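Undergrad: would you be able to build a 3D model of this:
(4 chains)
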4 protein chains.
Amino acid sequence: MKVSIIGATGYTGAELLRILNMHPAVEISYLTSESHTGAAINTIYPHLSGVYDRCLVSMQAMEDIGRESDVVFIGLPHGHAMEVGKKLAGTVKIIDLGADYRFYNTATYETWYKVPHTHKESGAVYGLTELYREKVKAASIVGNPGCYTTASILALAPLVQKQLVDVTTLVVDAKSGVSGAGRGLSLGSHFTEVFESVKAYNIGGHRHTPEIEQALSELAGTEVVISFTPHLIPMARGILSTCYAKLKPGVTPEQVDQAFADLYGREYFIRLLGRGGYPATKNTRGSNFCDLGWHVDARTGRVIVVAAIDNLVKGAAGQAVQNMNVMFDLDEKTGLNQVPVYP
Amino acid sequence: MKVSIIGATGYTGAELLRILNMHPAVEISYLTSESHTGAAINTIYPHLSGVYDRCLVSMQAMEDIGRESDVVFIGLPHGHAMEVGKKLAGTVKIIDLGADYRFYNTATYETWYKVPHTHKESGAVYGLTELYREKVKAASIVGNPGCYTTASILALAPLVQKQLVDVTTLVVDAKSGVSGAGRGLSLGSHFTEVFESVKAYNIGGHRHTPEIEQALSELAGTEVVISFTPHLIPMARGILSTCYAKLKPGVTPEQVDQAFADLYGREYFIRLLGRGGYPATKNTRGSNFCDLGWHVDARTGRVIVVAAIDNLVKGAAGQAVQNMNVMFDLDEKTGLNQVPVYP
Amino acid sequence: MKVSIIGATGYTGAELLRILNMHPAVEISYLTSESHTGAAINTIYPHLSGVYDRCLVSMQAMEDIGRESDVVFIGLPHGHAMEVGKKLAGTVKIIDLGADYRFYNTATYETWYKVPHTHKESGAVYGLTELYREKVKAASIVGNPGCYTTASILALAPLVQKQLVDVTTLVVDAKSGVSGAGRGLSLGSHFTEVFESVKAYNIGGHRHTPEIEQALSELAGTEVVISFTPHLIPMARGILSTCYAKLKPGVTPEQVDQAFADLYGREYFIRLLGRGGYPATKNTRGSNFCDLGWHVDARTGRVIVVAAIDNLVKGAAGQAVQNMNVMFDLDEKTGLNQVPVYP
Amino acid sequence: MKVSIIGATGYTGAELLRILNMHPAVEISYLTSESHTGAAINTIYPHLSGVYDRCLVSMQAMEDIGRESDVVFIGLPHGHAMEVGKKLAGTVKIIDLGADYRFYNTATYETWYKVPHTHKESGAVYGLTELYREKVKAASIVGNPGCYTTASILALAPLVQKQLVDVTTLVVDAKSGVSGAGRGLSLGSHFTEVFESVKAYNIGGHRHTPEIEQALSELAGTEVVISFTPHLIPMARGILSTCYAKLKPGVTPEQVDQAFADLYGREYFIRLLGRGGYPATKNTRGSNFCDLGWHVDARTGRVIVVAAIDNLVKGAAGQAVQNMNVMFDLDEKTGLNQVPVYP
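TA: Here you go, the predicted structure:
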């Protein structure tokens, strides 16, 4: 299977390469970069030396890319991916790791991302694999979920789907490593500013909010509005999402357990630590696992669910490859058998 | 003023020494340790070499300690401090950095700490200085607040006091550096286990919960029950407390602003970053400051308050010295003019 | 191929499992632990859940282990491995990750490790694969090199072998992440003590010193004595070894370059960054690569070589699997195609 | 005493403000910044809120600054400080934290810094206080030493001064936290690139090399050339300098001990951990201490000295204030009684 990556020099692109290298059915076709055209990828990411020494090309050669690829991953900033998507649609399968194809209602996209959506009839499918596997299987374009969203939706989906919680009480407090902010320079990602510090940011305004709400609303059968607060943690990888909800009157801890077992009992990449379990991001690092633990607090009538993922794997490149496997009818785990790197 | 520290070899004891060294009115009288009796404190904490080279004594010499001290700080595990407190009560002022003297209702203490309270008539005062200054001034025994509690109570007090929020909706999601777990060895504080990882712990059961509830209930005039979730963050110092509450109908952002200004406008150690402000623990490191920022989210009807402190300073030793200053009628800032150590 | 691990619950054991999971020819037979007999490995290392859920057995069942294994990895403290080795010798291939089988002259072992060597006629081979591949191929017992030693020997071997440097001037200054200290609790590995700090330890006395000297002496054809200083760095994985030597008079930079090319030009796991290159541990993390860069300083007449490895992979479990592949005539890279986990 | 800082918005400027705040004789006059003219310093460094809220001015107002200052600290890039120095010379005392005034032989400066020196007749004194105290006392302009240089010179000075070591064998392997690279954005200081990684840089070419050589040559009475290798460590503050030298034949460990005692026995800021001592950067963090430990390795005939400092304090702002105290005949410790912030 021939694979190209449009916009290969971000952390997500590098992570795709790491994972695809272990995928037995994949052959890399093109890697593009507009800022580094002509450079070998390993001069930009020396850790890839000896693994990928291939040169980056411009995405201007889009026809060649389309012709010599079976699937294209897009790692461009939002707004740019849909331009590529329009050109490639119908010729190759597309998996976009940005936001352009994540919203069924493109008006929501336009409200939160402040740009007009120019590819409304794409037929894109939202690629949270465990929840939308059948749709992904049939899709030509997949909008791969965000990192915070993957963790948060997976944490809350069983409870919302089974109507066990009051959806007006949902609070998601998430903590992310700094790689989520990308490789672009900013004071907010400067080592000495981030190290030995924790802070919240974008309270009430983070763009992953409507994505979580879209999925939960669909599961709930009613419009769900959540409070979502992201935090920056002094580590490179990992997201921990701590989710709060009031249980509906009479809901038992066993019903909560059952909801998780029902939805995820057969999912390889979702590891249920059970009631009382405490996921840690380190246990998932470098792997496509999402670890879930939940707690029923009788004193407050709340259920607290904690989800841990590696933001670059299950939160980005890993889930993208998982979706690729589904789209091409391969075993979903192919190329994704990396064991977490611990410690 | 002669000062002794009972149980001086924990991180809190070392931090007290750091701060007291800059206090012009303080002279150290005794430092005790049962496990290191006879050792010089700087063999246990080499960073104190040249500053404190004094030897540790056993607290068996309690009469001497009482006679030659004006104030005694207690840094013992819960259950042990009240034994010391009973012996010294009436002869010296006492500031306990543990939990034994934090609860007005000792039954609450007994429920959460699983030991009988043996000093119920101590007359101890809860030492969250900004809220209980007048009581501290008159107190003989002060129960110095916990680290999580200091940040969380200070964050929510203005809103609860002014009745601006629905107190049945309070969620406190807190993140702490590892020094909060002390110097005792455990796999949970082992470098390679903690580094590059985040996790929650003690969900629904952390002992700082009833302490926060005690203060908020008093402010609210009604019993308040909260969800409190602590997290361990890969850094040494710092606590960030992110607090969620539903605003009561009709409450305006300006009323929220006013509540903070009213309660803290004249407080030196509380820095109001204002509506939209984002405290970071790094900005408080090594200092007694508590930074507060708040956010009114019209979409969800919630107010989110973020508090940042250094857990060992405002969350422990710094506030203890602040209380000492109040008890001895000194300028509250004496010895506490450390500027945050940044970066 | 059936594989057992004696002493599977250290970081090295866990890392072996991570790597072996991707080895197509390997089937795990037994995992032993005396302190956790009967427990499932994933209760001790939750990151292995869903990958390895197998129970730990006692190594008392040594006969079974020998009968049902083709190769046994030993992850026991020094002194204990040779007891196992004596029992299993002749029935299975053995790869010991400790020090017991690393010294040709067991008197050197006894001097530095302070215990009598009880398996002197083992015929063990020192498993620094790139230098001793042919011997490893024929070996029944391999003493897998230490972490510091792997990096340091690989850095200096080309220069010493080609007689380009004055071997009386060798200084090795090495920096290691904390995982090298293992999972055993100690104040020296306590998070808050290690974090935001660097220190040297065991100056002049670290046990990897004679191991480096053994290899360099053999290459030089004369007895080599080095200064070796290890340092502890606040990170989990990685070793950087900075090696200093005076060039012999008249040696040119090109001769230095050629020495590296000659010895390592065809080695997959050794990546030559060339003269002026700067290895970083992060570029090797999670992989079996050793990155080398060197610098010729005309001003001082010294050559400085820098080597970077992941201490748990090329410095332990990865090289052990590499040796296993050599011993069983498999492609040396089998199971070792992990791309470095970056960032 | 009126103090101004020219170029106040770097980490060194911020650290000067932290320290000067505790200096009882100091009153801040002007803080300048060309890029942030008109902004309040606490908008750039929020940790200073409530401590310094003063506005930054342009250094165009140099005459005012000169008139209303007793001493001026300069925190400008090299090449720029001497322009300021020329204007202010003779009117105020000057302490430059950059390289412009560090070299007695300005040709050395020009060779390594690649710019012409335009203030050759400045009469500047090199401000490594413990070694040049008497000269500093009489100086009008002080070139404050670099961070690596302070640690490295202090480590080697006793041995070189007493002629105990062969100065052709000096190797300095230094490790620095990232704050040494400043607040300017670069991929090399990007959190995710630096974290969990160690690397060397500028081997054989770092500009602190000639500074160390200048001081050691003067002490040795002969020209000294050293190998100096800096490394970047994933922490914010701290420098550890590990220094290697061959002892001259017949030199005893006691002579080494005596050399340290003779030179530093009465120095408050230099803490001698003795032979066998292991300094750790954490023990000095936030303080002006330099910790020294040394090791005599009979096996190799080498002495290894380890120095630890906080690069922003003893390696920059702290030593600058120490020099200011000397220049103004104050107790050298004034304002510098900060106890290290541990852990």
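Undergrad: part of a helix, is residue A:343?
TA: No: assessed with DSSP: H, G, I helix; E, B strand; the rest coil, residue A:343 is coil; it does not lie in a helix.
Undergrad: do I have it right that it meets residue C:236?
TA: Yes: between residue A:343 and residue C:236 there is a contact at 5.0 Å, judged by C-beta atoms under 8 Å. Using the backbone N, CA and C atoms, a C-beta is placed for each residue, glycine as well.
Undergrad: for these two, list the residues in contact with both.
TA: Taking C-beta atoms under 8 Å, 6 or more residues apart in numbering or on different chains as the contact rule, residue A:343 and residue C:236 both touch B:192, B:195, C:179.
Undergrad: now the end-to-end length of stretch A:245-258.
TA: 17 Å (C-alpha to C-alpha, to the nearest Å).
Undergrad: how far out from the middle of the chain is that stretch?
TA: 28 Å (C-alpha atoms, centre = their mean, to the nearest Å).
Undergrad: which residues touch the closest residue to residue A:186 other than its chain neighbours?
TA: Leaving aside its chain neighbours, residue A:186 sits nearest to residue D:185 (7.0 Å; criterion: C-beta to C-beta, 6 or more residues apart in numbering or on different chains). Residue D:185 sits next to A:185-187, A:190 when contact means C-beta under 8 Å, 6+ apart.
Undergrad: what helices and strands are in contact with the strand or helix carrying residue A:263?
TA: For residue A:263, the host element (DSSP states H and E) is helix A:253-264. If you count contacts as 3 or more C-beta pairs under 8 Å, 6 or more residues apart in numbering or on different chains; DSSP states H and E, helix A:253-264 packs onto helix A:147-161, strand A:270-275, strand A:290-297.
Undergrad: tell me the most buried of these?
TA: Highest mean neighbour count of these: helix A:147-161, a mean of 27 (counted as mean count of other C-beta atoms under 10 Å in any protein chain shown).
Undergrad: what does the stretch 201-343 of chain A put close to chain D?
TA: Counting by C-beta under 8 Å from any C-beta of the partner chain, the residues of the stretch 201-343 of chain A close to chain D are A:234-236.
Undergrad: residue ranges of the helices in the stretch 101-250 of chain A, please?
TA: A:106-113, A:129-138, A:147-161, A:191-194, A:209-220 (DSSP state H, counting those that start in this stretch).
Undergrad: want to throw those helices into TSV with distance to chain B and mean pLDDT?
TA: Output for the helices of the stretch 101-250 of chain A, formatted as TSV (distance: least, C-beta to the nearest C-beta, whole Å; pLDDT from 0 to 100):
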stretch	distance to chain B	mean pLDDT
helix A:106-113	11	97
helix A:129-138	22	98
helix A:147-161	12	98
helix A:191-194	4	97
helix A:209-220	9	98
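Undergrad: not counting its neighbours along the chain, what's nearest residue A:327?
TA: Counting by C-beta to C-beta, 6+ apart, residue A:93 is the residue found nearest to residue A:327 once chain neighbours are left out, at 5.4 Å.
Undergrad: now swap in residue A:304 and tell me
TA: Nearest to residue A:304 is residue A:295, by C-beta to C-beta, 6+ apart, at 4.6 Å.
Undergrad: what does the stretch 201-343 of chain A have sitting close to chain B?
TA: So the stretch 201-343 of chain A meets chain B at A:201, A:203-204, A:225-227, A:229, A:231, A:233-238, A:240, A:242, A:244, A:278-283, A:285, A:295, A:297, A:299-300, A:302, A:304, A:306, A:308, A:343 (C-beta under 8 Å from any C-beta).
Undergrad: buried among those? Make that a PyMOL selection.
TA: Buried residues within those, by 16 or more other C-beta atoms under 10 Å in any protein chain shown, are selected in PyMOL with:
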select buried, chain A and resi 203+204+225+226+227+229+231+233+234+235+236+237+238+240+242+244+278+279+280+281+282+283+285+295+297+300+302+304+306+308+343
